[in-house]
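A.B. asks: one predicted model, sequence on top.
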Amino acid sequence: MTPPDLSRRDLIYLTASGGLLGLGAPGSNAEAESQQAQARPEKRSVELTVNGERREFQIAPSVTLLDALREHLELTGTKKGCDHGQCGSCTVLVGGRRVLACLILAISEHQGEPIETIEGLARDDGVHPLQAAFVAHDALQCGYCTPGQIMSAIGLLREGRPADDDAIREGMAGNICRCGAYEGIVAAIRSISAGGVE
Amino acid sequence: MTPFDYVRAGSMREAVELRSRSPNAAFLAGGTTLTDLMKGGVEKPSLLVDIRRVPDLDYINVSSGKASLGALTKNSDLATDPALMKAAPMLTQAIAAGASPQIRNMATLGGNLLQRTRCPYFRNQAFACNKRSPGSGCAALTGYDRGHAVLEGSSQCVATHPSDLAVALVALGGEIQAEHISGQRNIPLSEFFRPPGETPWIETSLQRGALIVFVETDLPPEARRSVYLKVRDRASYEFALASAAVGLHQDGSRIIGARIALGGIATRPLRFATAEASLIGRTADEAAFRDAAAIALGEARPGRENGFKVELAKRTLVKALKLASELQQ
């Protein structure tokens, strides 16, 4: 079969994304992304407020918020899983609401609402209670999805107290864990849900 | 991503003017479809006109008989609006059944209506697709078509429309107001989505370069006693194999009004007026619901691996109607 309109860039993408329906391996698009970023001439100045700190840097319009955080602001806690809005590992909060950093263009957040990442959760006296709950309830194995799980759970708890475990599961449906730590994740969120979260 | 230029619009008028300057420009709102398709090279706009901060397009106004919904209203806000939940449960349930919490926090009403199909052949450039590349053919016709349409497919395309929200809107009826460089235009919801026919790349009757401003949905008596039921391969965060948006207006157990639209089974969100009419005057029971389902799916023409959708859609519709009839009016 002759592909109808395939360019070299498309081939890089198709190779990197690993096929028709599968989720890409973690970080699999990073190389292609950085090659594209280098090939792009026009950069713009973008100002973001991340974890209470104002950050200014130069990027091309095609750089996602996820790549901006990881590659330009050295905040690598936010993870790149599928890079297609399917896995939730890039979940951050923008204006207090959980969103997917892989599907947001960083330039669109220029001088926008405050952004919170996993790096902003810890308090002076240690980790955030939800982070501690994830440890206490074995809510992770490999840990790759964990920052996204925790940021998503923070968003969920801010939306209101989930009525029961089913509500937690439905509320966390946007976050995939390949290790299958779901029972621990639900237990960790349940343990915090009663007390509320800031 | 193919390199592109970026500009932020400060007003509705500025947005359509900016877009009119470049034939290959696109509006950026929630970005949940567009950004993804740009990464895959399926969409290659030369200019993005960012409308996220255009004022006065984010609102929900529910009045008697109508609801006016701004195009930039987030799905999560629509799904949890108390007045809308009461006035049209099928609509808020449909929105809550779509995508994930993160995506509902990003996605907008206008973008939801204009989202592209999830047909895997559309999204993979190694395959022919008339939507992506007009005239190249349709790989789904000879490929894996389990998720594809059993109604209104053509020899050029059998892709389904992925929206849940649109199914409920089509069931309720109403109109879409669009702003174009040449002026404003109202498009009835019943005429908004187009069947693929010979031109599957033309998906709506929206003019090229036009911006959806708001949706004014009808709130007929059937809207209050309504349900959205979605059946899919996993419990959540999955597109519909079959879904039903239904509403009933009853006098005791006698049906005096009905709304039926189905999702996941046709090339567009589809309302079934003949099936609705068949319910009028009948007692709200399973026999009546089964008859309506048989009428709705009467024209179904499945492909090779999606034949199960015909029976699944019938049962989904019967169950949805049953759930609606059991609600207190």
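C.D. replies: Good, I have the coordinates.
A.B. asks: tell me where chain A has strands.
C.D. replies: A:44-50, A:53-59, A:91-94, A:97-100, A:115-116 (DSSP state E).
A.B. asks: would you mind finding the most buried of these?
C.D. replies: Highest mean neighbour count of those: strand A:97-100, a mean of 28 (counted as mean count of other CB atoms under 10 Å in any protein chain shown). Yep, even glycine has a C-beta here, placed from its N, CA and C like the rest.
A.B. asks: which one of the strands of chain A lies nearest to chain B?
C.D. replies: strand A:97-100 (4.5 Å; CB to the nearest CB).
A.B. asks: how does the chain divide into domains?
C.D. replies: Using chain A here. Using automatic domain parsing, the domain ranges for chain A come out as A:41-120, A:129-193.
A.B. asks: the chain in question should be chain B.
C.D. replies: Split by automatic domain parsing, chain B gives B:1-55, B:60-114+B:163-218, B:222-326.
A.B. asks: now these in TSV, with mean pLDDT, mean neighbour count and distance to residue A:120?
C.D. replies: Shown next, in TSV, are those (pLDDT from 0 to 100; neighbours: other CB atoms under 10 Å in any protein chain shown; distance: least, CB to CB, whole Å):
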stretch	mean pLDDT	mean neighbour count	distance to residue A:120
domain B:1-55	96	20	23
domain B:60-114+B:163-218	98	21	18
domain B:222-326	98	20	26
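A.B. asks: closest one to chain A among those?
C.D. replies: Closest among the domains of chain B, once you apply CB to the nearest CB, is domain B:60-114+B:163-218, at 2.7 Å.
A.B. asks: what parts of the stretch 101-250 of chain B come near chain A?
C.D. replies: Applying CB under 8 Å from any CB of the partner chain, we find that the stretch 101-250 of chain B lies next to chain A at B:101-103, B:105-106, B:120, B:124-128, B:133, B:136, B:235-237.
A.B. asks: quick one on the thing from earlier: can you say which of the domains of chain B is nearest to residue A:129?
C.D. replies: domain B:60-114+B:163-218 (20.8 Å; CB to CB).
A.B. asks: end to end, how far does that closest one reach?
C.D. replies: Using CA to CA, to the nearest Å, the end-to-end distance of domain B:60-114+B:163-218 comes to 13 Å.
A.B. asks: now residue 56: closest residue in space, sequence neighbours ignored.
C.D. replies: Because you didn't say which chain, this covers chain A. Among residues not flanking residue A:56 along the chain, residue A:47 sits closest, at 4.7 Å (CB to CB, 6 or more residues apart in numbering or on different chains).
A.B. asks: that's the other chain; I wanted chain B
C.D. replies: According to CB to CB, 6+ apart, the nearest residue to residue B:56 is residue B:70 (7.3 Å).
A.B. asks: quick revisit: sort out for me which of the residues of the stretch 101-250 of chain B next to chain A are in strands.
C.D. replies: Per DSSP E, those never map to strands.
A.B. asks: would you pull up the residue in chain A closest to chain B?
C.D. replies: residue A:174 (2.7 Å).
A.B. asks: phi and psi next, for that residue.
C.D. replies: Main-chain dihedrals, residue A:174, degrees, to the nearest 10: phi -80, psi 0.
A.B. asks: list the contacts of the nearest residue to residue A:62 once chain neighbours are set aside.
C.D. replies: Using CB to CB, 6+ apart and skipping the chain neighbours, the partner closest in space to residue A:62 is residue B:1 (4.2 Å). For residue B:1, the contact set (CB atoms under 8 Å, 6 or more residues apart in numbering or on different chains) comprises A:36, A:62, B:38, B:39, B:41.
A.B. asks: tell me which helix or strand the residue most central in space within chain B sits in.
C.D. replies: Among the residues of chain B, the one closest to the centroid is residue B:166, at 2.6 Å (CA atoms, centre = their mean). Using DSSP states H and E, residue B:166 falls within helix B:165-172.
A.B. asks: mind giving me the packing neighbours of that helix?
C.D. replies: helix B:89-96, helix B:109-114, helix B:189-192, strand B:211-218, strand B:226-231, strand B:242-251, strand B:254-263, strand B:270-271 (3 or more CB pairs under 8 Å, 6 or more residues apart in numbering or on different chains; DSSP states H and E).
A.B. asks: could you rerun that using 7 Å?
C.D. replies: Applying 3 or more CB pairs under 7 Å, 6 or more residues apart in numbering or on different chains; DSSP states H and E, we find helix B:165-172 packed against helix B:89-96, helix B:109-114, strand B:211-218, strand B:242-251, strand B:254-263, strand B:270-271.
A.B. asks: ok, residues contacting the helix or strand just after it?
C.D. replies: Note on helix B:165-172: by DSSP H and E, the next helix or strand toward the C-terminus is strand B:174-180. Contacting residues not belonging to strand B:174-180 are listed as B:12, B:16, B:184-189, B:192, B:206-207, B:209-218 [CB atoms under 7 Å, 6 or more residues apart in numbering or on different chains].
A.B. asks: try 6 Å
C.D. replies: By CB atoms under 6 Å, 6 or more residues apart in numbering or on different chains, the surrounding residues in contact with strand B:174-180 are B:12, B:16, B:185-189, B:192, B:206-207, B:210-218.
A.B. asks: sheet partners, orientation included, of that strand?
C.D. replies: strand B:183-188 (antiparallel), strand B:211-218 (antiparallel) (DSSP bridges).
A.B. asks: residues of stretch A:117-137 that come out buried?
C.D. replies: Using 16 or more other CB atoms under 10 Å in any protein chain shown as the test for burial, stretch A:117-137 gives A:117, A:118, A:119, A:120, A:121, A:128, A:129, A:130, A:131, A:133, A:134, A:137.
A.B. asks: and it, how far apart are its ends?
C.D. replies: OK, stretch A:117-137 end separation, CA to CA: 22 Å.
A.B. asks: hmm, which helix or strand of chain A has the shakiest average pLDDT?
C.D. replies: helix A:8-17 (a mean of 43; mean pLDDT, DSSP states H and E).
A.B. asks: hang on, the earlier thing: in CSV, list the domains of chain B along with distance to residue A:73.
C.D. replies: Below are the domains of chain B laid out as CSV (distance: least, CB to CB, whole Å):
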stretch, distance to residue A:73
domain B:1-55, 19
domain B:60-114+B:163-218, 20
domain B:222-326, 29
